[in-house]
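>>> what would the 3D arrangement of this be:
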Amino acid sequence: MSQQSILTLYLIFFGLDFLFQNFLTYLNLVELKRNSNKVPVVFKDYIDWDTYLKSSEYTREKSIFTIISGLFSSIILLFIVLSGTFGSIDDFIQGYGFNPYLEGLIYIFLLSLIFYIVDLPFSIYSQFKIEEKFGFNKMTIPLFIRDQIKNIVLSGLIISVLLMGFFWFMDKTGSFWWIIASAGFLIFQLVLSVIYPLLIAPIFNKFTALEDMELKKSLDMLAEKLSFKTTGIFVMDGSKRSAHSNAYFTGVGKSKRIVLYDTLISILNPSQISGVLAHEIGHYKKHHLLKGLILSFVMTTLGFYAVNLLMNYLPLFEAFGFTRVSYHGILVILAFASGPFTFFITPLFTMWSRKHEYEADAFAAENTEYGKDLKEGLIIMSKENLSNLTPHPLYSFYHYSHPTVAERIKAIDKLT
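Have a look, this model is predicted:
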């Protein structure tokens, strides 16, 4: 296939992806307006009219923002592709005669910086305009700046390790490097899972042992009943950035810990929090983490195999403005081309994720007395987070990694 044919094919799929994504958002806005006259029956005993209107307006503003920011990002990306900027940056770096590994590292960092700068105004607007307007933003400008610096440094370190490992595997491990590299990436993920709660998460948030003795006793008894061993229950100061709430468990093996947002503790009672935690333990008991790692390994292996097949196909590089083949070039091409060419399989992954959520809900309802409390907790969290209670079915089918709250309530009611 010629350079021009590859570029034309990319532009066609890019356009289809862009139009489809915006069509879904449009459908969601139409559905929002269609349901704006009354609170859905399933929520009428829990959510008042004013809160429902506020949640609808929050969804509407975020949707319009998504359309505008997506349009701008798409224009920038098309300009970079069509103007040959990918290749121009590569030629510029190549002129300094660096080691090929270092060239790749500098190239990825420079390109990441460009897209970071493009995205930064939208991040600021989202945080300090939309989230502020609806009462969610608790972040100060100094904290935002510190977070950005920390993210850049940590991301730089992690990406450096991954890229250097990737380049080394391609160079030194033979024709089946893509299998060996995938195994190496899996090991890296496992190591990161261990060190994240211990070393990385505390860089951004403060984690303190749960002090509410009544709640701690309830959660400890639940964990013991479900044979879920953990190093402890911790409260995270999520309220210093946002009023949104959540709970999760993190780590593997002996590093597992339960984490509750302080905002969650402030809106749910102990029984409801126990229901939420039972759901999270359900993910562990149903081996969803293991299944996720296996899927990640399979997808990474397929991705690396694609790199192996296309690594020396010069017309592909030329279609995106490069004048030579390179390790970093193929990574960039596949990273930006993967979305338009794979958008039609996205629902397969969201369906898989939603199946896990249903299973975790069922585990909580069938193995504990907190099924009703989990349902109430989900409704309260949806209310406090101003979640969209009536998404368009096609939009949620494509985008949602969790079933809608109404769908989860219906499933839980069948079990309790």
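>>> off-centre distance for stretch 25-42?
25 Å (C-alpha atoms, centre = their mean, to the nearest Å).
>>> what pLDDT is listed against Ile64?
Per-residue confidence (pLDDT) for Ile64: 96.
>>> oh, that last question was meant for Pro197, not what I typed.
At Pro197, the model reports a pLDDT of 85.
>>> same question for Lys254.
67.
>>> try the one 5 residues further on
What the model reports as pLDDT for Val259 is 90.
>>> enumerate every residue touching it.
Neighbour list for Val259: Pro197, Phe207, Phe234, Val235, Met236, Ala247, Tyr248, Phe249, Thr250 [criterion: C-beta atoms under 8 Å, 6 or more residues apart in numbering]. The way it works is simple: take the backbone N, C-alpha and C, and place the C-beta from them, glycine included.
>>> so how do I select the buried members of those in PyMOL?
To isolate the buried ones among these in PyMOL, judged by 16 or more other C-beta atoms under 10 Å, type:
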select buried, resi 197+207+234+235+236+247+249+250
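>>> for this structure, what spans make up the strands?
207-209, 233-236, 247-250, 257-261 (DSSP state E).
>>> could you chop the protein up by domain?
3-202+290-344, 205-265 (automatic domain parsing).
>>> Thr368: which of these is closest?
domain 205-265 (6.7 Å; C-beta to C-beta).
>>> can you give the distance of that closest one from its chain's centre?
Taking mean C-alpha positions (C-alpha atoms, centre = their mean), domain 205-265 and its chain are 21 Å apart.
>>> next one: stretch 393-413
Worked out by C-alpha atoms, centre = their mean, stretch 393-413 lies 17 Å from the chain centre.
>>> would you turn the contacts of Val259 into a markdown table with distance to Pro403?
Formatted as a markdown table, the contacts of Val259 follow (distance: C-beta to C-beta, whole Å):
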| residue | distance to Pro403 |
| --- | --- |
| Pro197 | 27 |
| Phe207 | 30 |
| Phe234 | 28 |
| Val235 | 28 |
| Met236 | 25 |
| Ala247 | 18 |
| Tyr248 | 18 |
| Phe249 | 20 |
| Thr250 | 23 |
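>>> Glu103: which of the contacts of Val259 is nearest?
Closest to Glu103, out of all of the contacts of Val259 and judged by C-beta to C-beta, is Pro197, at 35.1 Å.
>>> dump the residue contacts of the closest one.
Pro197 touches Thr250, Gly251, Ser255, Arg257, Val259, counting by C-beta under 8 Å, 6+ apart.
>>> try it again with 10 Å
Applying C-beta atoms under 10 Å, 6 or more residues apart in numbering, we find Pro197 in contact with Phe207, Thr231, Phe234, Phe249, Thr250, Gly251, Val252, Ser255, Lys256, Arg257, Val259.
>>> export these to JSON lines and tack on distance to Ile106?
As requested, those are exported to JSON lines (distance: C-beta to C-beta, whole Å):
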{"residue": "Phe207", "distance to Ile106": "36"}
{"residue": "Thr231", "distance to Ile106": "40"}
{"residue": "Phe234", "distance to Ile106": "39"}
{"residue": "Phe249", "distance to Ile106": "38"}
{"residue": "Thr250", "distance to Ile106": "33"}
{"residue": "Gly251", "distance to Ile106": "34"}
{"residue": "Val252", "distance to Ile106": "34"}
{"residue": "Ser255", "distance to Ile106": "34"}
{"residue": "Lys256", "distance to Ile106": "38"}
{"residue": "Arg257", "distance to Ile106": "37"}
{"residue": "Val259", "distance to Ile106": "37"}
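>>> identify the farthest-apart pair in these.
For the contacts of Pro197, the maximum inter-member distance is 17.3 Å, found between Phe207 and Val252 (C-beta to C-beta).
>>> I'd like to know which helix or strand in the chain has the lowest mean pLDDT.
Using mean pLDDT, DSSP states H and E, strand 247-250 stands out as the lowest-scoring helix or strand of the chain, at a mean of 81.
>>> got the CA positions of it in PDB?
Below are the C-alpha coordinates for strand 247-250, written out as PDB (Å, rounded to 0.1, in the frame of the first residue of the first chain):
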ATOM      1  CA  ALA A 247     -13.700   3.900  47.600                       C
ATOM      2  CA  TYR A 248     -11.300   1.200  46.300                       C
ATOM      3  CA  PHE A 249      -8.700  -1.400  47.300                       C
ATOM      4  CA  THR A 250      -5.300  -1.200  45.900                       C
END
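>>> so what secondary structure elements neighbour it?
For strand 247-250, the packing partners by 3 or more C-beta pairs under 10 Å, 6 or more residues apart in numbering; DSSP states H and E come out as strand 233-236, strand 257-261, helix 270-285.
>>> looking at the protein, which helix is longest?
Secondary structure assigned by DSSP state H gives helix 49-82 as the longest helix of the chain.
>>> for that helix, buried residues please.
Quick answer for helix 49-82 (16+ other C-beta under 10 Å): 52, 55-56, 58-60, 62-63, 66, 69, 74, 77, 80-81.
>>> mind putting those residues into JSON lines with distance to Thr263?
Listed next are those as JSON lines, based on distance: C-beta to C-beta, whole Å:
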{"residue": "Tyr52", "distance to Thr263": "21"}
{"residue": "Ser55", "distance to Thr263": "17"}
{"residue": "Ser56", "distance to Thr263": "22"}
{"residue": "Tyr58", "distance to Thr263": "16"}
{"residue": "Thr59", "distance to Thr263": "20"}
{"residue": "Arg60", "distance to Thr263": "24"}
{"residue": "Lys62", "distance to Thr263": "19"}
{"residue": "Ser63", "distance to Thr263": "24"}
{"residue": "Thr66", "distance to Thr263": "24"}
{"residue": "Ser69", "distance to Thr263": "26"}
{"residue": "Ser74", "distance to Thr263": "34"}
{"residue": "Leu77", "distance to Thr263": "35"}
{"residue": "Ile80", "distance to Thr263": "39"}
{"residue": "Val81", "distance to Thr263": "41"}
